[in-house]
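>>> Could you work out the structure for the sequence below:
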Amino acid sequence: MLGVEQLEPFLSYALALFSGLLIGLEREHSRAQAGSHSRFLGGVRTFPLFALAAAVSASLVPALGPWPFVLAAAATIGFTVLGRRPGERAGDENGSSGLTSEGAFLLSFMLGALSGSTEVVGSSRQKVFVVASLAVITTLLLSAKPVLHQLSSKISRDDVIATVKFLLVAVVVLPLLPDQPYGPYGVFNPWKLGVSVTLIAGVSFVGYAASRVMGSGRGLLVTGLVGGLVSSTAVTLASARRTRQVPELAEPSALSITSAWTIMMIRVVVLVAATNAELLPRLLVPFSAMAASGAAVAAVLYWRTRRADKNGHEAHLSNPFELSESLKLVAVIVAVTLLSRWAQARFGDTALYLTSLLAGLADVDAITLSVSAMAQKNQVASGVAVAAIYIAAVANTLTKQAITLVVGTRALAARVALAALAMLAAGGLAIALQVALAG
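Model prediction:
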């Protein structure tokens with residue numbers, strides 16, 4: 001059986017034909033949708049022909065030098081410039097189609113050249129994946145014009161600034177942080193703290209971006225699912241306030257809260273998987289049981305509220321990425337870690353449970369990351385770490401249950417109590433079974 005390298009140069013020419021044909025098909029389809037007034041540069045035949053010309057000229061370079069490729073590139077640029085009508089170059093109303101087709105045409109030529117080259121990419125197998133991936137991504141961008149324009153219309157300037165802030169921290173600041181411990185018990189590690197902050201901010205930012213893209217009016221279920229990524233406490237508070245204003249929304253609001261709590265349990269699993277994969281198998285069972293129980297209660301609530309009006313009642317989620325909030329998170333993580341280490345050194349595992357209980361009243365993420373890091377360093381056993389994280393989840397859930405009772409209505413609190421009881425009982429039972437099987 002022939003290997004990949006033995007199929008050359010037929011494989012390179014076929015790859016160039018594939019990339020040009022794929023992009024050309026999309027342009028041909030876009031031209032048909034645009035109508036007779038719009039003119040696109042080339043179509044299903046032109047793109048693959050020029051891609052093949054690029055591949056042939058690139059394959060001739062080792063034998064004849066760079067001139068075959070230079071002439072082919074110059075001819076392609078000339079055809080690109082001359083291929084538009086005068087009205088299109090001036091940008092008239094009927095003929096203007098921007099520079100998208102020209103860019104796609106030149107990129108198709110370059111993909112063909114990359115297919116025919118032998119020195120740019122290491123092996124033929126790698127070249128197939130590189131060229132095919134670029135061709136598919138290019139076609140996706142070309143065909144996603146309506147979606148991208150709609151997305152752009154929903155993004156505000158504040159969203160753009162917040163995105164730049166997040167990328168500045170994640171891409172520029174984070175790599176500059178030193179990876180070494182400082183302070184008592186070595187709890188202050190700038191790199192690890194930066195990773196933790198970036199991870200939590202990233203999860204929250206994805207949730208916020210999803211809410212912006214989907215917009216309001218998608219229903220309380222979507223609000224709870226997306227809001228659970230941002231802040232399940234914020235969803236609980238907003239839903240409880242809503243029931244004070246409109247008591248009839250008790251069940252839909254309970255659906256939103258239960259969905260957010262379910263996502264919170266999944267979020268804990270994701271945080272542990274990203275920071276301490278060895279702890280994940282032990283933690284996955286109880287928190288999956290809690291998430292499944294929450295999802296079951298949410299399904300029942302959704303079935304009972306599917307006829308309710310789901311438009312205009314979503315919780316308002318502000319942009320989650322603020323530098324001050326990130327600094328507060330750093331302080332909480334350091335304080336919780338320091339308190340946990342001190343309590344562990346002074347009193348043993350029992351004090352860690354108390355620390356988890358107190359920390360979980362305000363936030364689950366910080367204690368989850370702290371305990372997960374301690375388990376990774378073998379400072380606590382995996383079973384103790386899972387129990388501590390579960391205690392924090394219990395404390396946080398009970399805190400939000402109290403919010404529904406104090407801020408919301410009794411009808412909301414009763415419905416949410418069912419979800420809390422089911423989730424916590426499922427998690428506790430799973431941990432008890434793990435301990436029994438291990439014993």
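
>>> Provide a list of residues in contact with the residue nearest to Ser143 when sequence neighbours are not counted.
Closest residue to Ser143 apart from its sequence neighbours, by Cβ to Cβ, 6 or more residues apart in numbering: Glu26 at 5.4 Å. In short, each C-beta sits where N, CA and C put it, glycine included. By Cβ atoms under 8 Å, 6 or more residues apart in numbering, Glu26 lies in contact with 139, 142-143.

>>> Filter those residues down to just the buried residues.
Judged by neighbour count, with 16 or more other Cβ atoms under 10 Å as the criterion, the buried members of these are 139, 142.

>>> correct me, but Gly428 touches Ala387?
No - shown here, Gly428 and Ala387 do not form a contact pair, counting by Cβ atoms under 8 Å, at 9.9 Å.

>>> So these two - more neighbours on which side?
More crowded of Gly428 and Ala387, by other Cβ atoms under 10 Å: Ala387, with 24 against 16.

>>> Mind picking out the helix or strand in this protein with the poorest mean pLDDT?
Within the chain, no helix or strand scores below helix 86-90, which has a mean of 46 by mean pLDDT, DSSP states H and E.

>>> next structured bit after that helix?
On the C-terminal side of helix 86-90, the closest following helix or strand by DSSP states H and E is helix 100-116.

>>> Which pLDDT value goes with Asp92?
At Asp92 the predicted local distance difference test score is 41.

>>> Same question for Pro175.
The per-residue pLDDT reported for Pro175 equals 84.

>>> cool, and Gln180?
What the model reports as pLDDT for Gln180 is 84.

>>> for Val384, same thing?
The predicted local distance difference test score for Val384 is 83.

>>> Surely it touches Leu352?
Yes - shown here, Val384 and Leu352 form a contact pair, counting by Cβ under 8 Å, at 6.6 Å.

>>> More neighbours: these two, which one.
Per other Cβ under 10 Å, whichever of Val384 and Leu352 has more neighbours is Leu352, with 26 against 20.

>>> Please, which helix or strand holds the more buried one?
Secondary structure from DSSP H and E places Leu352 in helix 349-360.

>>> buried stuff in that helix?
Neighbour-count burial for helix 349-360, counted by 16+ other Cβ under 10 Å, picks out 351-353, 355-357, 359-360.

>>> thinking again about what came up before, can you flag which of the contacts of Glu26 belong to helices?
Secondary structure assignment by DSSP state H places 139, 142-143 of these in helices.

>>> For the helix holding Leu352, which outside residues touch it?
Counting by Cβ under 8 Å, 6+ apart, 336, 339-340, 343-344, 366-367, 370-371, 380-381, 384, 387-389, 391-396, 399 sit against helix 349-360.

>>> Any quick PyMOL command for the buried ones out of the residues you listed?
Entered in PyMOL, the line below selects the buried ones among the contacts of helix 349-360, by 16+ other Cβ under 10 Å:
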select buried, resi 336+339+340+343+344+366+367+370+371+380+384+387+388+389+391+392+393+394+395+396
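
>>> Identify those among the contacts of helix 349-360 that sit within helices.
Taking DSSP H as the definition of helices, the contacts of helix 349-360 contribute 336, 339-340, 343-344, 366-367, 370-371, 384, 387-389, 391-396, 399.

>>> quick check, nearest of the buried residues of helix 349-360 to Glu251?
Of all the buried residues of helix 349-360, the one with the least separation from Glu251 (Cβ to Cβ) is Gly360, at 27.4 Å.

>>> so what's Gly112 up against?
Under the criterion of Cβ under 8 Å, 6+ apart, the contact list for Gly112 reads 16, 19-20, 50-55, 58.

>>> circling back to that earlier point, quick check: which element contains the residue nearest to Ser143?
Following DSSP H and E, the helix or strand that holds Glu26 is helix 10-34.

>>> Please point out which parts of that helix sit buried.
11-13, 15-28, 30-31.

>>> try stretch 264-273
Judged by neighbour count (16+ other Cβ under 10 Å), stretch 264-273 contains these buried residues: 264-269, 271-272.
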